[in-house]
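In: Need coordinates for the following:
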Amino acid sequence: MPTTMMHPDRLFPSDPATRDIARDLYLRVSDAPICSPHGHVPAAMLAENAPFASPTDLLITGDHYVTRVLHGAGVPLGQVQAPAGAPPVDPREAWRVLAANWRLFRATPVQYWLEYQLGEVFGVTTRLTPDTADLVYDEIAERLTDDAYRPRALFERFGVDVLATTDDPADDLAAHRILAEDPTFRGRVLPTFRADRSMDPAATGWIAALDRLAAASDIACDTHAGLLAALRARRAYFRAAGGTATDTGVADAWALPLDDAEAERIHAAGLRGTATVAEGTAYRRDILYRLIEMSAEDGMVMQLHPGVHRNHHEPTLERHGADTGHDLPLPTTFTEPLRRALNDFGTDTQLRLVLFTVDETAFSRELAPLAGFYPSVYVGAPWWFLDTPDAMERYRRSITDSAGFAKTSGFIDDTRAFCSIPARHDMARRADASYLASLVATHRLTEADAADIADDLVRRIPYDTFRIPQA
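Out: Numbers count the residues shown, from 1 in each chain. From the prediction side, this is the model:
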């Protein structure tokens with residue numbers, strides 16, 4: 001759908017000759033199917049295929065990128081997202097809050113994603129302002145009553161070939177089965193195994209996570225050995241459901257095995273509720289090592305993204321819950337923390353370890369050199385705070401000398417906001433086209449080689465990296 005809000009040459013270089021090259025490269029892949037191997041859209045949304053409730057629920061409430069911009073400027077979070085257990089906010093009033101503060105989003109990637117969704121997804125040609133808030137809201141709300149704007153229809157219109165979800169090891173994956181067995185559903189929705197809640201015996205919720213895991217696997221998790229057996233069993237369950245990858249988010253990348261006796265001692269302390277923070281950290285690092293070991297055994301691609309302080313603001317966590325915009329980056333290292341695991345498994349071709357960071361100094365300092373030596377290591381795409389056009393360019397310039405293009409993950413949208421998926425992939429395809437065009441313009445690549453790379457980044461690399469069979 002046409003839109004007056006976005007320029008057709010957005011994100012391309014200002015130099016006319018280089019811009020022409022970038023435009024041609026982008027057009028090669030602009031309509032290519034989307035492979036999204038790391039995301040957080042729930043499979044149940046597609047399985048149920050219910051209409052979206054409102055423009056606010058779809059574009060604001062579920063997108064912490066949007067709400068954190070507002071909150072950071074002093075807008076109370078409760079104006080756009082209800083506290084846990086409270087009645088939902090009035091969706092029209094929340095939309096008016098967004099419109100009244102639209103200026104806050106200028107030149108941010110959030111503006112890009114929202115304008116793409118408004119224009120390219122919903123066909124809105126009116127700019128969002130305080131005066132047009134109700135007009136735009138009503139236009140989107142009217143679209144949402146049309147079956148063409150239900151989740152499955154949008155999935156098909158977005159051109160999504162593969163969408164990976166993020167799932168607890170105890171999940172029964174019923175929604176995934178519904179989609180896989182439905183002959184009318186086009187595309188693939190793959191589960192991703194994420195065992196974070198089972199890793200730290202000093203953390204709140206660890207015992208409850210083990211109880212769920214034991215019930216799902218029918219393996220007692222009252223010992224460290226039992227926990228490992230249950231995790232292995234559930235990984236097999238995920239693989240049988242089409243899953244090809246795991247996902248692990250931890251405070252740091254240290255992966256160090258404990259001896260059996262010490263692991264069992266800390267496990268028992270965790271069950272008693274007496275495990276210390278230091279013991280929890282040592283146990284978590286042991287489980288991280290074991291998860292790498294498991295990936296070397298079963299071939300599931302392991303995504304590792306350390307270095308985030310989760311739920312930094314405790315009052316917001318207590319009032320609104322997790323994933324509400326107050327997870328913050330930490331300095332992160334990989335070379336020494338992963339040395340033991342990479343010495344044990346790093347040259348095993350069965351292992352595939354995709355490393356992500358929100359500390360972009362690590363790209364050239366550690367991740368690219370690691371990927372340049374270890375066959376098992378791949379450099380994850382700019383993620384979270386780095387999924388911006390400028391950071392994407394810095395990423396390519398930081399890693400290409402050491403890791404090239406083939407040892408990267410392909411683009412990762414990492415989103416809960418369903419309608420932002422095509423917006424994010426469009427941004428990445430334009431950013432990569434611009435970077436490749438700069439290499440052609442400086443005679444570091446031929447146009448033919450740049451075209452091949454542009455195709456690979458979209459059509460081959462994400463499938464190969466995540467071991468996803470191509471349809």
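In: show me where pLDDT drops low in the stretch 201-350 of the chain?
Out: For the stretch 201-350 of the chain, applying pLDDT under 70 flags no range at all.
In: hey, where'd the helices end up in it?
Out: Applying DSSP state H, counting those that start in this stretch to the stretch 201-350 of the chain gives helices spanning 206-217, 224-240, 260-272, 277-298, 314-320, 339-345.
In: Let me have those helices in JSON lines, extended by distance to S434 and mean neighbour count.
Out: Every C-beta, even on glycine, is put in place using the N, C-alpha and C of the backbone. Shown next, in JSON lines, are the helices of the stretch 201-350 of the chain (distance: least, Cβ to Cβ, whole Å; neighbours: other Cβ atoms under 10 Å):
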{"stretch": "helix 206-217", "distance to S434": "43", "mean neighbour count": "18"}
{"stretch": "helix 224-240", "distance to S434": "37", "mean neighbour count": "19"}
{"stretch": "helix 260-272", "distance to S434": "49", "mean neighbour count": "16"}
{"stretch": "helix 277-298", "distance to S434": "34", "mean neighbour count": "20"}
{"stretch": "helix 314-320", "distance to S434": "37", "mean neighbour count": "14"}
{"stretch": "helix 339-345", "distance to S434": "33", "mean neighbour count": "18"}
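In: Out of the ones you listed, which gets nearest to C419?
Out: helix 314-320 (22.1 Å; Cβ to Cβ).
In: Any figure for the gap between the residue lying farthest from the centre of the chain and W95?
Out: The centre of the chain is farthest from one residue, A261, which by Cα atoms, centre = their mean lies 36.3 Å away. With distances taken as Cβ to Cβ, to the nearest Å, A261 is found 58 Å from W95.
In: sorry, back to before: rebuild the helices of the stretch 201-350 of the chain as TSV, extending it with distance to P183.
Out: Output for those, formatted as TSV (distance: least, Cβ to Cβ, whole Å):
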stretch	distance to P183
helix 206-217	28
helix 224-240	20
helix 260-272	46
helix 277-298	30
helix 314-320	40
helix 339-345	40
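In: mind giving me the domain ranges of the chain?
Out: As given by automatic domain parsing, the domain ranges for the chain are 16-50+159-465, 51-149.
In: What's the end-to-end length of the longest one?
Out: The reference is to domain 16-50+159-465. 34 Å (Cα to Cα, to the nearest Å).
In: For Q117, give me its contacts.
Out: 59, 419-420, 423 (Cβ atoms under 8 Å, 6 or more residues apart in numbering).
In: repeat for I60
Out: I60 makes contact with 66-67, 80-81, 94-95, 98, according to Cβ under 8 Å, 6+ apart.
In: May I have the secondary structure class of the residue nearest the centre of the chain?
Out: The centroid of the chain falls nearest to D414 when counting by Cα atoms, centre = their mean (1.9 Å). Secondary structure, DSSP: H, G, I helix; E, B strand; the rest coil: D414 is coil.
In: give me every residue that touches it.
Out: Neighbours of D414 in contact, by Cβ under 8 Å, 6+ apart: 38-40, 383-384, 387.
In: One more: A471?
Out: 161, 188.
In: Leaving out the residues flanking it, which one is nearest to D222?
Out: L271 (6.5 Å; Cβ to Cβ, 6 or more residues apart in numbering).
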